[in-house]
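[1] Structure for the following, please:
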Amino acid sequence: MAVKPINQMTSDTEMRKVFCATLIDLAKENKDIVYLDADLRSACGMAPFAKEYPERSFNVGIAEANMIGVACGMSATGKIPFAHSFGTFATRRCFDQIFLSGAYAKANLKLIGSDPGVTAAFNGGTHMPFEDLALMRAVPTARIVEPSDPVQLKSILPQIVNHYGVDYIRMKRKKTVSVYEEGTEFEIGKAYKICDGNDVTIIAAGIMVEQAVKAAEELKKEGINARVLDMFTIKPLDTEAVLAAAKETGCIVTCENHNVIGGLSSAVSEFVVRNCPVPMEFVGVEDEFGQVGSENFLMEEYKLTAANIVEKAKKAISRK
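    Down below sits the predicted model:
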């Protein structure tokens, strides 16, 4: 079984530690990998990488736009730059540099935006990206992934290294629930079907995958069979999986830790409305700013819980 039972999903592994350890291993095999950050080496847990490869680690200071320029310049010399900052600063603050120096110039840029959405927690609204997916989806040729747990992150990082172009990794920094069994493999661009069902499809990404699985369990108690897709690749969207979901289940609920404008819900609905229109409901932030609070509080505040998914699933089914 690739997906762990709910009662075995633990929150004891930090994504940043897995990211650092995996990148160290990949850098042993690929001498072109370099790492840059905007004075956040400790925050992203990358000190071990810097110790292992001091000549391949660069702190550009609190100057995110400059960091992107430096990274793209390194790309021009054949390097594979991984550049990190908090999601708000990795995207919104230096969007022009990503667009022009990165994608437009055909650079090989690997951008990590950490603490997406409510996972920014006590850093508050200034550090809480509810708009980064919308921005990055609008960048031609850019790919976007949002790993839901450490196992998935480990599986997709080598694929990112081996892909030439702009990749955006939307990643929680700290402890994350382990959804998948160790060794589970994923392919960028292909949704992972966690469970099958014919009554409704729940499409989720990132921290919302755990909530989607819990919602499916609750719906099952009421005789409702929900299909759950982990759409960890936001762009390019797995349109085959979405089309099958629309045809076979007749309604869809999207779940994202992001504004419902421009993110996963927009990507799925834009495809559905043009190819196989079915009732859709969205679980996400309803065009609001972030605020200070614990992650659990904020998930309740912005209606990002399993209970909210159950409610929207029933509503979607009623509209069939």
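
[2] Can you tell me the strand partners of the host helix or strand of residue 257 and which way each runs?
    Element membership for residue 257, per DSSP states H and E: strand 252-259. Its sheet considered, strand 252-259 pairs with strand 200-204 (parallel), strand 280-285 (parallel) by DSSP bridges.

[3] after that strand comes which helix or strand?
    For strand 252-259, the following helix or strand on the C-terminal side (DSSP H and E) is helix 264-275.

[4] Find the nearest non-adjacent residue to residue 175, please.
    Using Cβ to Cβ, 6 or more residues apart in numbering and skipping residues adjacent in sequence, the residue nearest residue 175 is residue 11, 4.8 Å away. In this view, the C-beta of every residue, glycine as well, is placed from N, C-alpha and C.

[5] And the one you found, which helix or strand is it part of?
    Using DSSP H and E, residue 11 maps to neither a helix nor a strand.

[6] Now do the contacts for residue 96.
    When contacts are counted by Cβ atoms under 8 Å, 6 or more residues apart in numbering, residue 96 is found next to residue 65.

[7] pLDDT score assigned to it?
    Model confidence at residue 96, given as pLDDT, is 97.

[8] Any figure for the gap between it and residue 13?
    Going from residue 96 to residue 13 by Cβ to Cβ, to the nearest Å gives 35 Å.

[9] Residue 91 now?
    25 Å.

[10] Looking at the two, which is more packed in?
    Legend: neighbour count by other Cβ atoms under 10 Å for residue 91 and residue 13, higher for residue 91 (25 against 17).

[11] Burial check on the spatially closest residue to that one that is not a sequence neighbour, number of neighbours?
    Nearest residue to residue 91 in three dimensions, chain neighbours excluded: residue 132, at 4.2 Å (Cβ to Cβ, 6+ apart). Applying other Cβ under 10 Å, we find 28 residues neighbouring residue 132.

[12] residues contacting residue 132?
    87-88, 90-92, 113, 116, 168, 170, 258.

[13] Report the buried residues of stretch 102-112.
    102-103, 107-112 (16 or more other Cβ atoms under 10 Å).

[14] Before I go, just wanted to say thanks for your time.
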